[in-house]
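> Predicted structure and sequence below. I'll ask about it afterward.
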Amino acid sequence: MLAEKYAYMEDRVPVLEPIGREEPKPRKETRQLPVRKNQTWKNVLTIGMVLLCFAAASFTVFRYTQITQNHRSILVLEQTLEEEKLRRKNLKVELAYCKDLGTIEFSATEMGMKYPDESQVEYVVLPELNKSMEQVDASADKSKSEQSLWSLFLGLSN
């Protein structure tokens with residue numbers, strides 16, 4: 001069956017004989033070498049872009065570390081602030097306790113203190129100053145402080 005198939009094909013399809021080809025003659029043309037393009041600009045540009053990306057990434061990391069440090073210091077300061085607020089609140093309570101007249105009298109009797117007698121009390125009357133004298137004194141004090149500042153300035157310049 002296989003033989004019949006091949007025989008059938010031979011009858012139908014003619015066998016082509018190879019056609020001889022002529023060998024091409026070698027050409028003696030001088031071929032110019034392709035001019036190599038200058039790649040340095042592309043290399044410099046590539047390296048520059050890599051360095052620029054590295055610098056941007058480094059700057060970003062640097063800023064994040066600064067932000068983290070500032071956040072930590074803020075947390076420490078907030079904790080200190082809360083401690084100081086608590087301390088202030090305790091001092092206010094202590095001050096209110098010390099200002100209480102009942103507490104003062106209790107402490108005074110506990111220490112054996114007594115109110116002064118009439119013979120121990122002396123009243124003092126302070127003389128009133130004229131307002132013009134107060135103004136003169138104030139202006140004299142002001143000129144004195146200006147002179148001292150001026151003399152200090154002159155002393156620094158010499």
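Yep, it's here.
> And the next helix or strand past the helix or strand hosting Glu94?
Assigning secondary structure by DSSP states H and E places Glu94 in helix 40-99. Later in the chain than helix 40-99, the nearest helix or strand by DSSP H and E is helix 101-111.
> Residues contacting that following helix, please?
If you take CB atoms under 8 Å, 6 or more residues apart in numbering as the criterion, helix 101-111 is touched by Tyr97, Cys98. For the C-beta atoms, the positions are set from N, CA and C on the backbone; glycine is no exception.
> Could you check the angle that helix makes with helix 40-99?
If you take axes from the mean of the first three to the mean of the last three CA atoms, to 10 degrees, helix 101-111 sits at 70 degrees to helix 40-99.
> list the contacts for Glu83?
Not one residue lies near Glu83 by CB under 8 Å, 6+ apart.
> and the gap between it and Asn90?
To Asn90, Glu83 is 11 Å away according to CB to CB, to the nearest Å.
> quick one: low-confidence ranges for this structure?
The chain contains residues with pLDDT under 70 at 1-18, 20, 130-150, 152-158.
> Apply 80 and report the result again.
For the chain, the stretches flagged by pLDDT under 80 are 1-38, 129-158.
> For Lys114, what are phi and psi?
phi -130, psi 160 (degrees, to the nearest 10).
> residues near it, how many?
By the criterion of other CB atoms under 10 Å, Lys114 has 7 neighbours.
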